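**Q** I need the structure of the sequence given here:
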Amino acid sequence: MKKLLFIVSILLIVSCNQQASEECQTLETANAQIQNDIKTYKTVWDKVFLERDINLINSDSFDENVTVVTATGNLTGIDAFKGYYNNYLTGFSDAEFTFVNIFGQGDNIVKHWNFKGTHDGEMFGIPATGNKLDISGTTIVKMKDGKILQEQDFFDNHSFLSQLGLL
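**A** Presented below is the predicted three-dimensional model:
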């Protein structure tokens, strides 16, 4: 009887360790994927702003159906996505974009950012004001198969418009 109890105990421990090991492996795989997604995301946006090259928004890092969620309606597709974000490059020739913090879980990334620049070009149909802008915000990002699928930016629109002298 003692041998049977001992064998059952050993089997239970081995079984629990195997299950824990599988769970650990699943978590390690998920962590590796989100870290890779964050690296991809950060790298492409750093390059877009540093090199001021909107054409880096392409199918290498972005899903063909990438969507930017806006208050006036969603813009879907790489060309629409590029057109939207190009406003920040053409509207601010000295644009500085920095990541304050970035983290993620599953297919989701959250980015806390800061954007600075002089409004010296047209942006979303608004003529240049010559005013300086310094604003922070947050973006919620959805990834799919290692590519950027969706972005939605959140920032203080009142501060944005006030700094540009539009309010």
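
**Q** List the contacts of residue 101.
**A** Under the criterion of C-beta atoms under 8 Å, 6 or more residues apart in numbering, the contact list for residue 101 reads 111, 112. The way it works is simple: take the backbone N, C-alpha and C, and place the C-beta from them, glycine included.

**Q** Dig out what it forms beta bridges with.
**A** According to DSSP bridges, residue 112 are recorded as the beta-bridge partners of residue 101.

**Q** Check what pLDDT it gets.
**A** With respect to pLDDT, residue 101 has a value of 96.

**Q** before we move on, what about the one 3 residues further on?
**A** What the model reports for residue 104 is a pLDDT of 94.

**Q** Spit out the contact partners of the residue lying closest to it once chain neighbours are set aside.
**A** On the basis of C-beta to C-beta, 6 or more residues apart in numbering, the spatially nearest residue to residue 104 that is not a chain neighbour turns out to be residue 34, at 4.5 Å. Counting by C-beta under 8 Å, 6+ apart, residue 34 touches 104, 105, 106, 109.

**Q** okay, among these, which ones form the most distant pair?
**A** Spanning the widest gap among those are 106 and 109, at 9.5 Å by C-beta to C-beta.

**Q** who has more neighbours, the two?
**A** Summary of the neighbour comparison: residue 106 and residue 109, criterion other C-beta atoms under 10 Å, with residue 109 having more neighbours (22 against 11).

**Q** surely that one meets residue 141?
**A** Yes: taking contacts as C-beta atoms under 8 Å, residue 109 lies within contact range of residue 141: 4.0 Å.

**Q** Residue 73 belongs to a helix?
**A** No: under DSSP: H, G, I helix; E, B strand; the rest coil, residue 73 falls outside any helix and is assigned coil.

**Q** Could you measure from residue 65 over to residue 110?
**A** 21 Å (C-beta to C-beta, to the nearest Å).

**Q** residue boundaries of the strands in this structure?
**A** Here the chain has its strands, by DSSP state E, at 62-69, 75-76, 96-105, 108-118, 132-144, 147-155.

**Q** ok, residues contacting the shortest one?
**A** Meaning strand 75-76. Everything outside strand 75-76 that qualifies as a contact, by C-beta under 8 Å, 6+ apart, is 65, 66, 67, 68, 81, 83, 84.

**Q** ranking these by neighbours, who comes first?
**A** For these, neighbours were counted using other C-beta under 10 Å, and residue 66 has the most, 24 neighbours in all.
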